[in-house]
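J.: dropping a prediction and its sequence here:
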Amino acid sequence: MRGEVIEEVDLSSSLFNHSDSSDLRKRTGTKWTAVAHIIAGVVGEGVLSLAWRVAQLDWILGPLCIVHFSAITLISATLLAD
């Protein structure tokens, strides 16, 4: 370890001043595709786990919970729309 020369490099200037745009990927997405990906990500997880959750609640309580929470969602959406 003794006798070694350590070169100091200013990393902030070399990282943030990189202006070569040839290696950057062109973004082709639109606002609609972004919204579609967000909805798919949020709704997808809930839909995949919904069948297992309802199965755990049995035949009576499962559908009742679905109706109950759909009514709550309807009321919430109505309040947000006003």
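T.: Arrived safely. Source: prediction; values computed, not measured.

J.: select the longest helix from this structure.
T.: If each helix of the chain is counted by residues according to DSSP state H, the longest one is helix 31-81.

J.: what's the average pLDDT for that one?
T.: Regarding helix 31-81, the rounded mean pLDDT is 91.

J.: how close does residue 79 get to residue 73?
T.: Going from residue 79 to residue 73 by C-beta to C-beta, to the nearest Å gives 11 Å. Quick note: C-beta positions are derived from backbone N, CA and C, even for glycine.

J.: let me fix that, I meant to ask about residue 42.
T.: Between residue 42 and residue 73 the distance is 14 Å, computed by C-beta to C-beta.

J.: just residue 26 next, same as before
T.: Applying C-beta to C-beta, the value for residue 26 to residue 73 is 39 Å.

J.: looking at these two, which is more packed in?
T.: For the pair residue 26 and residue 73, the greater number of neighbours falls to residue 73 (10 against 5), based on other C-beta atoms under 10 Å.

J.: contacting residues for the more buried one?
T.: For residue 73, no residue meets the contact criterion (C-beta atoms under 8 Å, 6 or more residues apart in numbering).

J.: and it, how far from residue 56?
T.: Distance from residue 73 to residue 56, counting by C-beta to C-beta: 21 Å.

J.: please apply the same query to residue 46.
T.: 15 Å.

J.: cool, and residue 64?
T.: 14 Å.

J.: again, but for residue 29
T.: Distance check for residue 29 against residue 56: by C-beta to C-beta, it reads 38 Å.

J.: ok, now residue 70?
T.: The span separating residue 70 from residue 56 equals 18 Å under the rule C-beta to C-beta.

J.: please apply the same query to residue 25.
T.: For residue 25, the distance to residue 56 equals 44 Å [C-beta to C-beta].

J.: looking at the two, which is more packed in?
T.: Set residue 25 next to residue 56 and count neighbours by other C-beta under 10 Å: residue 56 wins out with 9 against 5.

J.: now that one: closest residue in space, sequence neighbours ignored.
T.: Take residue 56 and drop its neighbours on the chain: the residue closest to it by C-beta to C-beta, 6 or more residues apart in numbering is residue 62, 7.9 Å away.
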